[in-house]
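**Student:** Just a sequence and a predicted model for now, questions to come.
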Amino acid sequence: MTVDTLTPNAPTGSPLLTAKGVTKRFGGLTAVNDVDIHVNEGEVIGLIGPNGSGKTTLFDCLSRVQTPEEGSVQFRGQDITNKRPHKVAHLGLARTFQVIRVYRELTVLENLELSLQWKNVPMSKRMLRPGKAVTDKAEKLMDFLLLTRLRDDRAGALSGGQRRLLELGMSLMSDPKLVLLDEATSGVNPSLVEEIKDRIRTVNKELGISFLLVEHDIRFVKDLCSRVVVLNYGQKLAEGSPESIMENRAVIEAYFGADGDEESTVIDDGKVSS
Amino acid sequence: MDQFLQALINGVALGGMYAILVLGFSVIWGVMGVINFAHGEFVMLGAYMAWLANNQLGVDPFLSAPFIFVLMMGIGYLLQLLLVNRVIDRPHLVSLLVMFGVSIIMANGLKLIFSADFRRADSSLRGAYDLTDNITLPVTKTAVFFIALAVLGGLSLFLQSTRLGKSIRAAAQNREAAQIVGININKVYAITFALCIGITGLAGALISPILSIAPFQGPPLTLRAFAVTAMAGLGSVKGALGGAIVLGLIEATVAVYVSGIGTNLAIIASFVILVVALVVRPQGLFGGLRPVDATAS
């Protein structure tokens, strides 16, 4: 396993992404309401909350797929609130989607090669096949993500877990500084979840790539994240270490309702349960 | 038997012509989700350019075609930048109506410039080549058929192999995700539109010695493009060829075997296919960049 072709980031702990007062409405529904969130260089942060709490909408605002009505988003010292999505991607912000969006008609290799096509590539070179450097990098990532034997398979033929790995690979192809992972383990079998966790840890430790994870698997969050942000009804409910969040009364109530029985309501080291 | 073989030859040749006529329409719809209602008018514009070069300068349409391709690409690029890009995020109906407006402006503009007279360009590639005593090969259409094959092959190679072509396919499959991996979607759309309008103008130049050129001859071509695209699958290059040949064969067979009303019946037949294809197999007979009913995902 090698990731040496990717360019390491220096984990300095300085602010990488800072969003302030982000608000997004859909008609009468305020999906995200005045949320502040920040990610420092080298951090892995968890973003959790009940279904419909606004996690994915917040991701959309941060990656500029959606335009927030209010608030600002700074990434690597630049205001990206009004930048177009591909410009944000070129700055080093990558993301995956809750509903997997690999290109089903393209092969695994072609999916990976796509990520670098528009970054500093002159028009004359776009008329050619992807260069050797791009293919080499894709091959290294396929090796790293256990996808080598599926190199020439159409992405539409992969299993859910393999597609998640491919999406992770696509997000890593462009040497990102920060990756937003939307439910990287949903629909993935448990053994592959461990692999995904291991890969995230490796690129974070060795290359200093930061992650912001939306995740329902609490054990996954606890194992990877140094800090957790909880959303509920579009607002930030709590923020802190995974341990403090799991004991937080307001968080437990958000998941189970205000009259949840304290004795039987726990967030154990696996899934949320009662 | 001779009659059947003749229908077969006519049908395949006609199919090749339809293939290059509908290609641009199909790819614009498949990649951008824009139904180019002005497609037939772009064909006519290309045909008028070829006619003008033929009439004024004596240039054969087959020679002016490459220049018309480049000129029409420029027109397509500008139109995309000034017009289509501004409505592409709105519901499909908006872009459809905008292109409908463009088609009326173009048709009437062509009438103002060229009058409503029917025109036809002259090519040195004309007449029929006798294969046997009873079977002939239409020379112009056969030439168009082989040029169509070359253009389709070239476009297919471009979409399959080049970085830009893959970006276009990615944008067709998922607009948002394409942007997330750093693809400038507006540029992809502008290039796609330019390329398709270029091909459409080229097709117009190629058919200028075959079909009548007149300002209001566009809509029947747009409607055939609908029929072939629905049958073929959106944005599918090999589908455009397959669908066009099926349509050509049906039209040629009906025209040969049903005397008198054959030509009208042929048009009816092609739209029966459109309706049946949409009801029975909405994803198209040959697959495509995306199914007909997909809008975003």
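**Tutor:** Structure's in. What do you need? Numbering: from 1, shown residues only, chains lettered A, B, ... in the order given.
**Student:** Just the strands from chain A, written as ranges.
**Tutor:** Listed in chain order, the strands of chain A (DSSP state E) span A:15-26, A:29-40, A:44-48, A:70-75, A:78-79, A:93-95, A:178-182, A:210-214, A:227-232, A:235-240, A:266-267, A:272-273.
**Student:** which intervals of chain B have sub-threshold pLDDT?
**Tutor:** Along chain B, segments meeting pLDDT under 70 span B:259-263, B:282-297.
**Student:** Around chain A, which positions in it sit nearby?
**Tutor:** Within reach of chain A by CB under 8 Å from any CB of the partner chain, chain B has these residues: B:161-164, B:166-167, B:169-170, B:173-174, B:176-185, B:289, B:297. For the C-beta atoms, the positions are set from N, CA and C on the backbone; glycine is no exception.
**Student:** Out of the helices and strands in chain A, which is least certain?
**Tutor:** strand A:272-273 (a mean of 44; mean pLDDT, DSSP states H and E).
**Student:** B:L265 versus the closest residue in space to B:R119 that isn't next to it in sequence, what's the distance?
**Tutor:** Of all residues not flanking B:R119 in the chain, B:I213 sits nearest, at 4.3 Å (CB to CB, 6 or more residues apart in numbering or on different chains). B:I213 is 25 Å from B:L265, where distance means CB to CB, to the nearest Å.
**Student:** Which one's more surrounded, those two?
**Tutor:** Under the criterion of other CB atoms under 10 Å in any protein chain shown, the comparison of B:I213 against B:L265 puts B:I213 first, with 25 against 16.
**Student:** give me phi/psi at that one?
**Tutor:** phi -100, psi 120 (degrees, to the nearest 10).
**Student:** Pretty sure it sits against B:F118.
**Tutor:** Yes - contact criterion CB atoms under 8 Å: B:I213 and B:F118 qualify, at 6.9 Å.
**Student:** ok so, going back, okay, the strands of chain A, which one's buried deepest?
**Tutor:** Highest mean neighbour count of the strands of chain A: strand A:93-95, a mean of 28 (counted as mean count of other CB atoms under 10 Å in any protein chain shown).
**Student:** so what strands line up beside that strand?
**Tutor:** Strand A:93-95 has the following strand partners under DSSP bridges: strand A:178-182 (parallel).
**Student:** Need the residues that contact the strand it pairs with.
**Tutor:** Applying CB atoms under 8 Å, 6 or more residues apart in numbering or on different chains, the contact partners of strand A:178-182 are A:16-17, A:39, A:55-56, A:59, A:62-63, A:75, A:92-98, A:168, A:171-172, A:200, A:209-215.
**Student:** and if we set it to 6 Å?
**Tutor:** Identification of contacts with strand A:178-182 by CB atoms under 6 Å, 6 or more residues apart in numbering or on different chains yields A:16-17, A:59, A:63, A:93-98, A:171, A:210-214.
**Student:** tell me the angle of that strand relative to strand A:29-40?
**Tutor:** Angle of strand A:178-182 versus strand A:29-40, following axes from the mean of the first three to the mean of the last three CA atoms, to 10 degrees, is 140 degrees.
**Student:** quick one: average confidence on strand A:178-182?
**Tutor:** Averaged across strand A:178-182, pLDDT comes to 93.
**Student:** For that strand, list the C-alpha coordinates in PDB.
**Tutor:** Output of strand A:178-182 as PDB, limited to C-alpha atoms (Å, rounded to 0.1, in the frame of the first residue of the first chain):
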ATOM      1  CA  LEU A 178     -10.300  18.600   2.900                       C
ATOM      2  CA  VAL A 179     -12.800  15.800   2.000                       C
ATOM      3  CA  LEU A 180     -16.400  16.000   3.000                       C
ATOM      4  CA  LEU A 181     -17.600  12.400   3.300                       C
ATOM      5  CA  ASP A 182     -21.400  11.900   3.200                       C
END
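**Student:** which helix is the longest one in chain A?
**Tutor:** Ranked by number of residues, the top helix in chain A under DSSP state H is helix A:190-207.
**Student:** So what's the gap between that helix and the chain middle?
**Tutor:** Here helix A:190-207 is found 13 Å from its chain centre; the criterion is CA atoms, centre = their mean, to the nearest Å.
**Student:** Same question for stretch A:63-82.
**Tutor:** Taking CA atoms, centre = their mean, the mean C-alpha location of stretch A:63-82 is offset from the chain mean by 16 Å.
**Student:** Give me the contact list for that stretch.
**Tutor:** Applying CB under 6 Å, 6+ apart, the contact partners of stretch A:63-82 are A:17-25, A:60-62, A:85, A:88, A:91, A:93, A:95, A:180, B:176.
**Student:** Just the terminal-to-terminal distance for that stretch.
**Tutor:** Using CA to CA, to the nearest Å, the end-to-end distance of stretch A:63-82 comes out at 11 Å.
**Student:** Quick check: the residue nearest to B:R119 touching B:L45?
**Tutor:** No - if you go by CB atoms under 6 Å, B:I213 and B:L45 don't touch, sitting 10.0 Å apart.
**Student:** ok, the closest residue in space to A:L237 that isn't next to it in sequence - contacts?
**Tutor:** In space, not counting the residues next to it along the chain, A:L237 is nearest to A:V230; the distance is 4.5 Å by CB to CB, 6+ apart. With contact taken as CB under 6 Å, 6+ apart, A:V230 is in contact with A:I48, A:G49, A:L237, A:A238, A:V251.
**Student:** Can you name the residues bridging to A:V230?
**Tutor:** Beta-bridge pairing for A:V230 (DSSP bridges): A:I48, A:A238.
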